[in-house]
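S.K.: when you get a sec, could you give me coordinates for this:
(2 chains)
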Amino acid sequence: MRAAPVMGSRSKVVPRSADGLVESLPAVRPYDKETGFCRSRDARQKRASGTRYAMSTPLPRDEKLKVIRHSASHVMAEAVLRLFPEAKFAIGPSIENGFYYDFELPRPLVADDLGKIEAIMKEILKGKHDFVRKELSREEAKKLFADQPYKLELIEDLPEGETISTYEQDGYLDLCRGPHVVNTAAIHPDAIKLMSIAGAYWRGDEKRQMLTRIYGTAWDSPQALKDYLKLQEELEKRDHRKLGRELDLFHLDDENPGEVFWHPRGWSIYLRIQNYVRQKIKAGGYVEVNTPFVMPKSLWERSGHWAKYQENMFITESEKRQFALKPMNCPGHVEIFKQGIKSYRDLPLRIAEFGSCTRNEASGALHGIMRVRGFVQDDAHIFCTEEQIGSEVVRFCALLKDIYRDFGFGDDRISVKLSTRPEKRIGDDATWDRAEAGLAEACKAGGFEYEISPGEGAFYGPKLEFTLVDALGRGWQCGTMQIDYQLPSAERLNATYVGEDGEKHHPVMLHRAILGSLERFIGILIEQFSGAFPVWLAPEQIAVIPIAPNFHEYASKVADRLDAAGFLAVADLSDGRMNAKIREAQSRKVPYMLVVGQKEQDEDAVSVRLRDGRQMNGMKFADFASYVKEKVDSKSLEL
RNA sequence: GCCAAGAUAGCUCAGUUGGCAGAGCAGCUCACUCGUAAUGAGCAGGUCUUCGGUUCGAUUCCGAAUCUUGGCUCCA
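M.R.: Got it, this is the predicted structure:
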């Protein structure tokens, strides 16, 4: 979900656009006709040359914003230079919603500094300075940036023959390809805001210098900035950590980082999602198993995890033997596959598990319930022949679509990436060719268009990654489908089946998940629905509210009958007044509130207040029950 | 793990230029026969994250640890 950075553009720049404010953009960016991907480079991508980025047709405004943002980063650099004349400059690209610039500074920044820098920026912007482009030779550039080690490194790494250019505004000179606005007047001083300070490794490499990164946001009008800040507020309101506490779904304990304590309401959602998936995969031809949380070092050595994944595993010991908490379920499933003799007639064998995994994630990577150390995957491994890969992938795509749709994510909310062979890999190229081509073809046959992430595959095979796009346009990677020839091989866990020819063969293993982890998926749902879950998932579907203590008895009778009919209904018999009870139920985001008094009691009816404020008064009890049943059964997103 | 910023009542936050710690909401008690987003009154609630240091005195200043947040790296 990242915009292609402007820094990556290699294009020549033409001086002036029609409105005179933004340089015209190159008509054609380097473009690969065969794949339809634009080529651009990005420092974050480890300088892999020829890295390709998918490009959706850019709106002119998007391009304009990129130019504004990139120019704002130069203005910020100028402001920082005024404050810290000895600052060293790294890179300052435009990013989604804004820009950043990385600096090496003589001291850490404090919150006050951001305000100061922003004030200087505004002053610079008001000065109406031109951005002046100059092209120069490599030698000239090196001389010019002699005291800027990061710039020098960038110059060194520019390919032979590359045009080297600088941009200068108000006396601040920076190495840059452009394009930029022609004058700082193109950036409204009230349409920019500095957001935060963060550390970032030079060139994204954790072994290199840690720089100070300042993030800012920039827009083409003060109103656009306001809208953006408002959206940020909206995001805060939806934050699953906040809602998780407010709705009493779960808690996280500071003493036990990265592990979720599910409260009754949260667990109720969890179980319904799990049982839903359980029923779907059963219908999809999977068998469900369960494998141990703790498994011996010897197994992890054979599987390769001990060598490749050890630092992410919690290791424990008993009677001088070492064990590890499982970070993945695959070896366990291979162990099950290996019990007894398998025939080609048993394939494909689809082994599923709600696998409880524990990974020792870096403390800084933890985030609410989205990124934790203990989580459960809706995992499965499909053991099949090479010929069966295609049909299995197609089948998987159908199941995934079906499940995502029930959670409100239609086809237009799913994006797919095909990750191809990485540099460090095992297996021969012919196998990789077959695996990649097969996966690509099956993905299309499964009804998905995909983008390619070159070199992002697992070391043992290519993979498909399925990303959900939520109500606010954010992407969450959930589903995955990976082809693995290695783990079942003789060198690893040595799984075999007897083929038609009577010989032993190694099956191919497909690692796949749809929700990814239940914890993360529920976090996504909380944010997607702002905690207002669809009826079929709501932890409390119906709150029965008597208008006065006289009607407590009728209220509990209504709740009991609804409960017996399989709904999650609670009668609020507390001391409070009706209005307060409605308010409380509303803040618990209960879909249906039943207000009951004399009228309802006389007619065996309920007056329904929906979460969205609508009312359906004087509904017969039986009518209401069937109304809700329909919503639950159809997994309706509507009330 | 790395960089930076934080940690005060169950929650959201105020506060002390170093001198007995504050509010709103939630909780508890009592009263209230009430029709679609807060009835009123009262009570209780904190070793100011932890451990060291400076000081007559530290919640406040300094150091360290733990955790959280925002990034980086990684990733379900």
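
S.K.: C-alpha from now on. contacts and neighbour counts both.
M.R.: Will do.

S.K.: helix/strand/coil for the closest residue to RNA strand B within the stretch 401-550 of chain A?
M.R.: Evaluated by CA to the nearest atom of the strand, the stretch 401-550 of chain A has A:G516 as its residue closest to RNA strand B, separated by 3.4 Å. Recorded secondary structure, A:G516: strand (DSSP: H, G, I helix; E, B strand; the rest coil).

S.K.: residues in contact with it?
M.R.: Contacts for A:G516 (CA atoms under 8 Å, 6 or more residues apart in numbering) come out as A:377-379, A:477-480.

S.K.: which strand or helix spans the nearest residue to it once chain neighbours are set aside?
M.R.: If the residues on either side of it in the chain are set aside, A:G516 comes closest to A:C478, at 4.7 Å by CA to CA, 6 or more residues apart in numbering. Element membership for A:C478 (DSSP states H and E) is strand A:475-484.

S.K.: by contact count, what packs against that strand?
M.R.: Judged by 3 or more CA pairs under 8 Å, 6 or more residues apart in numbering; DSSP states H and E, strand A:475-484 is in contact with strand A:463-469, strand A:508-517.

S.K.: including mean pLDDT, could these go into JSON lines?
M.R.: Below are these laid out as JSON lines (pLDDT from 0 to 100):
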{"stretch": "strand A:463-469", "mean pLDDT": "94"}
{"stretch": "strand A:508-517", "mean pLDDT": "96"}
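
S.K.: quick one: these as TSV, columns for distance to A:D412 too.
M.R.: As requested, the helices and strands packed on strand A:475-484 are exported to TSV (distance: least, CA to CA, whole Å):
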stretch	distance to A:D412
strand A:463-469	8
strand A:508-517	17
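
S.K.: picking that back up, the strand holding A:C478 pairs with which strands?
M.R.: According to DSSP bridges, strand A:475-484 has the following sheet partners: strand A:463-469 (antiparallel), strand A:508-517 (antiparallel).

S.K.: so how far is RNA strand B from A:Y201?
M.R.: Look at A:Y201 and RNA strand B: by CA to the nearest atom of the strand, to the nearest Å, they are 4 Å apart.

S.K.: just read off the phi/psi values of the nearest residue to that residue once chain neighbours are set aside.
M.R.: Nearest residue to A:Y201 in three dimensions, chain neighbours excluded: A:M210, at 4.4 Å (CA to CA, 6+ apart). In this entry, A:M210 is assigned phi and psi values of phi -90, psi 120 (degrees, to the nearest 10).

S.K.: tally of neighbours for A:M210?
M.R.: A count of neighbours around A:M210, defined by other CA atoms under 10 Å, yields 18.

S.K.: also A:D113?
M.R.: Using other CA under 10 Å, the number of residues around A:D113 comes to 14.

S.K.: got the contact list for the residue nearest to A:Y201?
M.R.: By CA under 8 Å, 6+ apart, the residues touching A:M210 are A:199-202.

S.K.: where along the stretch 201-350 of chain A do the strands fall?
M.R.: Secondary structure of the stretch 201-350 of chain A (DSSP state E, counting those that start in this stretch): strands at A:210-218, A:250-252, A:260-262, A:287-288, A:294-296, A:315-318, A:321-325, A:349-358.

S.K.: contacts for the following helix or strand past the longest one next, please.
M.R.: Downstream of strand A:349-358, the next assigned helix or strand under DSSP H and E is strand A:374-384. Strand A:374-384 is touched from outside by A:258-260, A:277, A:329-330, A:333, A:347-359, A:507-519, with contacts defined as CA under 8 Å, 6+ apart.

S.K.: show me the contacts for the nearest residue to A:A185 once chain neighbours are set aside.
M.R.: In this structure, A:A185 finds its nearest non-sequential neighbour in A:K128, 4.9 Å apart by CA to CA, 6+ apart. Residues in contact with A:K128 (CA under 8 Å, 6+ apart) are A:183-185.

S.K.: most neighbours out of those, which is it?
M.R.: Using other CA under 10 Å as the contact criterion, the top neighbour count among the contacts of A:K128 goes to A:T184, which has 26 neighbours.

S.K.: mind checking how far that one is from RNA strand B?
M.R.: Summarising the geometry, the distance separating A:T184 from RNA strand B, computed by CA to the nearest atom of the strand, is 26 Å.

S.K.: quick check: closest non-adjacent residue to A:I315.
M.R.: Closest to A:I315 by CA to CA, 6+ apart is A:A324, at 4.3 Å.

S.K.: for A:D379, same thing?
M.R.: The shortest distance from A:D379 to any non-neighbouring residue, by CA to CA, 6+ apart, is to A:A513 (4.9 Å).

S.K.: A:I192 too?
M.R.: Among residues not flanking A:I192 along the chain, A:A218 sits closest, at 4.3 Å (CA to CA, 6+ apart).
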